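[1] Okay, sequence plus prediction incoming.
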Amino acid sequence: MGDVNSHSPMAAGEPLTVVGDSLIDLAARYGLPWASSAPAGGLVLQCGENGLEIGGDVRLYGHPIRADFVTGAAAHRRRYGGGRGQLVARACGFAKGVVPQIVDATAGLGRDAFVLASLGAEVLMVERVAAVHALLQAALRQASSDDEVAQIVERLSLRHADSATALAQAVGDWPHQPQVVHLDPMFPHREKSAMVKKEMRLFRELAGDDIDAPSLLSAALDVATHRVVVKRPRKAPPIEGPAPKHVLEGKTSRYDLYVHRSLKT
């Protein structure tokens, strides 16, 4: 996964505690456990120096993660990422005269969604992990007051839902057509694989593996009017189900394309 995307509902079962007096209401809204100070172990959702973040033992998880549409990787990719030549843009069908309307059904930290919105697309982000949804909401609030990216994030919408079971409901009140559904499910962990990157380890703690990826693909195929695009590690098998009609390969990842009809008509 190039973008760290999770796909999971719900507060229940997440090994995470919301920490700090200022976040009592947020914890209640999502039904997450709250504490006034950080517990000895596990993950925490807290206000850090740069805003809302999820963190834990640095030795296990590295630095805390946050969603950020203004600085860092988002700013670099917006300025120097390659525009419509990027693999994700090509997979989603950007072409001369074509700016698709896109549902990112496994939004994660919103990195791909922001790239697509920066290219002019209306994008609906659907995220099922409560704490990650909270990070996205915080990032949207921050970005809406930044002169450089405010217009871009106006094209981003956000829903808290499980795309494998409630994608149709999530897009139901979005005022755009779900022409393209973008999926980047968590790739199942293999015992013999190299040590999972610390950020990925944190996401696995929150979301687990997407063992329901076939259900996710099926839901996406039902909702998308034109195509579904699925990001996979380059050598991984396709998701169980119908075979993709096209494949776009990059250096480390690829996109499997399931096409209903052309975006150019």
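    Received the coordinates, thanks.

[2] Now do the helices in this protein.
    24-30, 58-61, 72-80, 87-92, 111-118, 130-144, 150-153, 163-172, 198-207, 213-223 (DSSP state H).

[3] mean pLDDT for these: which is lowest?
    Mean pLDDT is lowest for helix 72-80 out of the helices of the chain, coming in at a mean of 71.

[4] can you give me the angle it makes with helix 111-118?
    30 degrees (axes from the mean of the first three to the mean of the last three CA atoms, to 10 degrees).

[5] who touches helix 72-80?
    Applying CB atoms under 8 Å, 6 or more residues apart in numbering, the contact partners of helix 72-80 are 68, 111, 114-115, 118, 149, 152. Placement of C-beta: from N, CA and C, glycine included.

[6] ok, and the most crowded of the residues you listed?
    Neighbour tally across these (other CB atoms under 10 Å): the maximum, 31 neighbours, falls on residue 114.

[7] what's the spacing between that residue and residue 70?
    Remark: distance between residue 114 and residue 70 (CB to CB, to the nearest Å) = 10 Å.

[8] Could you list the low-confidence segments of the stretch 151-265 of the chain?
    Regions of the stretch 151-265 of the chain meeting the criterion pLDDT under 70 cover residues 187-196, 208-210.

[9] correct me, but residue 216 touches residue 163?
    Yes. Counting by CB atoms under 8 Å, residue 216 touches residue 163, with 5.8 Å between them.

[10] ok, the two, which is more surrounded?
    The residue with more neighbours, out of residue 216 and residue 163, is residue 163; 31 against 25, by other CB under 10 Å.

[11] can you pull the contacts of that one?
    So residue 163 contacts 7, 105-106, 126, 128, 170, 183, 216, 219-220 (CB under 8 Å, 6+ apart).

[12] swap the cut-off to 6 Å and go again
    Shown in contact with residue 163 (CB atoms under 6 Å, 6 or more residues apart in numbering): 105, 126, 216.

[13] how much space is there between residue 255 and residue 87?
    From residue 255 across to residue 87, the span is 6 Å (CB to CB).

[14] which of those two has more neighbours?
    Taking other CB under 10 Å, residue 255 and residue 87 do not tie; residue 255 has more neighbours (22 against 18).

[15] Quick check: beta-bridge partners of the more buried one?
    residue 231, residue 248 (DSSP bridges).

[16] Please report how far the most centrally placed residue in the chain lies from residue 243.
    Nearest to the geometric centre of the chain sits residue 107, at 1.8 Å (CA atoms, centre = their mean). In this view, residue 107 and residue 243 are 26 Å apart by CB to CB.

[17] cool, and residue 78?
    In terms of CB to CB, residue 78 sits 34 Å off from residue 243.

[18] go on, residue 119?
    Applying CB to CB to residue 119 and residue 243 gives a distance of 28 Å.

[19] Counting neighbours, go ahead and name the busier of those two.
    Ranked by neighbour count (other CB under 10 Å), residue 119 and residue 243 place residue 119 first, with 22 against 8.

[20] And that one, its phi and psi?
    Note on residue 119: its backbone torsions stand at phi -90, psi 0 [degrees, to the nearest 10].

[21] residues contacting it?
    residue 89.

[22] ditto for the one 3 residues further on
    Under the criterion of CB under 6 Å, 6+ apart, the contact partners of residue 122 comprise 101, 155, 176.

[23] Equivalent analysis for residue 65, please.
    Applying CB under 6 Å, 6+ apart, we find residue 65 in contact with residue 54.

[24] bridging residues for it?
    residue 54.

[25] Same check on residue 45?
    Beta bridges link residue 45 to residue 18, residue 54, judged by DSSP bridges.

[26] Please name the residues that touch it.
    By CB under 6 Å, 6+ apart, the contact set of residue 45 is 16, 18, 54, 131.

[27] again with residue 152
    117-118.

[28] and the gap between it and residue 135?
    Separation of residue 152 from residue 135 (CB to CB): 18 Å.

[29] Count residues in the vicinity of residue 74, would you?
    Using other CB under 10 Å, the number of residues around residue 74 comes to 23.

[30] Good, wrapping up.
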